[in-house]
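Engineer: Okay, structure incoming, though there's no sequence with it:
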C-alpha cells in the first residue's frame, strides 16, 4: 500500500480506531500486500457514535456487547437487565473505547 492510500484509509477510519495505535497501524499498512489491503478496504468498521446510541437504547439487553463479539457479557446483561442497570451505565462511558479496540483487533486480524 502506498503512502497516499495509507493516508486515505487512516483519514476515513481514524476516528473509529485507537489514537495511540495509529502509528503502528501505519507501519503495518505500509508492509501489507495488496490482497490484505483490498480486504481491509472492503471491510466496514463499526462507528463509535452508532455504538453509543445502540448502547443507550438497547444496552440493558446486551445488544451492544453482542455486536462487539462479547457474547458472554451480552448474555449476562440480557439475563440481568444490564446488571440492574449498573453495567448499562458503565458501558455508556466505555463503549466508545471498546468499539475502537474491536475495530483495531479486526484490522489486525485482516493484516495478520
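Structural biologist: Done, it's in. Please read these numbers as outputs of a predicted model, since none were measured by experiment.

Engineer: What is the stretch of helix or strand residue 107 belongs to packed up against?
Structural biologist: Assessed by DSSP states H and E, residue 107 sits inside helix 86-111. If you count contacts as 3 or more CB pairs under 8 Å, 6 or more residues apart in numbering; DSSP states H and E, helix 86-111 packs onto helix 22-31, helix 34-42, helix 48-58, helix 63-67, helix 71-79. In this view, the C-beta of every residue, glycine as well, is placed from N, C-alpha and C.

Engineer: That one vs helix 34-42, what angle?
Structural biologist: 150 degrees (axes from the mean of the first three to the mean of the last three CA atoms, to 10 degrees).

Engineer: Can you mark which positions in helix 86-111 are buried?
Structural biologist: In terms of neighbour count (16 or more other CB atoms under 10 Å), helix 86-111 has its buried residues at 87-88, 91, 95-96, 98-100, 102-104, 106-107, 110-111.

Engineer: Show the contacting residues for the residue with the largest distance to the centre of the chain.
Structural biologist: Using CA atoms, centre = their mean, the residue of the chain lying farthest from its centre is residue 84. It sits 25.7 Å away. Under the criterion of CB atoms under 8 Å, 6 or more residues apart in numbering, the contact list for residue 84 is empty.
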